[in-house]
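*Asks:* Sequence and predicted structure are below.
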Amino acid sequence: MVIEVNLIANEFKRNISLKTKIQHFHEDSYEMEAKNYRRPKILIEVQNKELGYRYNWNIDKFTNRFYLIKDILDQFYSSGLAPHLPREEDPFWDPPEQTLIGQCYLNMLGLPNYIDNPSKLLILGDHSHEKENGEMQANVAPTDEEGVKNLSEVYESE
């Protein structure tokens, strides 16, 4: 179906391409991370080169769009006129959205011992250790109940 939509986009002279991908999401719970459990999700990545951004469709959204695109193709073959749809009705278009570029993990095991944890974290891409998408500086420090006083500094001075 993805190949068919790419051919239809070509027929409409649209600079849009689709491809399937599997995105792995780490579970949030500590038990799942300890087992290195990753939950895969199949997505359709739409690269809209006309507008210069990408977005992902889940399988349900892709299936709905597929049938809308097929209907427009049928109208095109019946009338011989290329479709000119407003953006809101264009099945190839989606508004820009937040996109997951990767994930990083911060070890917080030192917090109960009042140890702050400045870290340089790698942002890993869809396939975990295969692709690094950036880095992030982070620090988790134990604080008082109001979140104001850094307790690691208090305990270091004692």
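*Replies:* It's in.

*Asks:* Any regions of this protein where pLDDT drops low?
*Replies:* Low-confidence segments of the chain (pLDDT under 70): 24-39, 100, 110-116, 126-131, 150-158.

*Asks:* count of neighbours near L18?
*Replies:* For L18, the count of nearby residues is 21 (other CB atoms under 10 Å). In this view, the C-beta of every residue, glycine as well, is placed from N, C-alpha and C.

*Asks:* residues contacting it?
*Replies:* Applying CB atoms under 8 Å, 6 or more residues apart in numbering, we find L18 in contact with 2, 5-6, 9, 44-47.

*Asks:* From A9, how far off is it?
*Replies:* From L18 over to A9 the distance is 8 Å, taken as CB to CB, to the nearest Å.

*Asks:* Quick check: which element contains V148?
*Replies:* Of the helices and strands defined by DSSP states H and E, none includes V148.

*Asks:* for this structure, what spans make up the helices?
*Replies:* With helices called from DSSP state H, the chain shows them at 2-11, 30-34, 59-79, 151-157.

*Asks:* looking at these, which is closest to E145?
*Replies:* The closest of the helices of the chain to E145 is helix 151-157. By CB to CB, the value is 10.4 Å.
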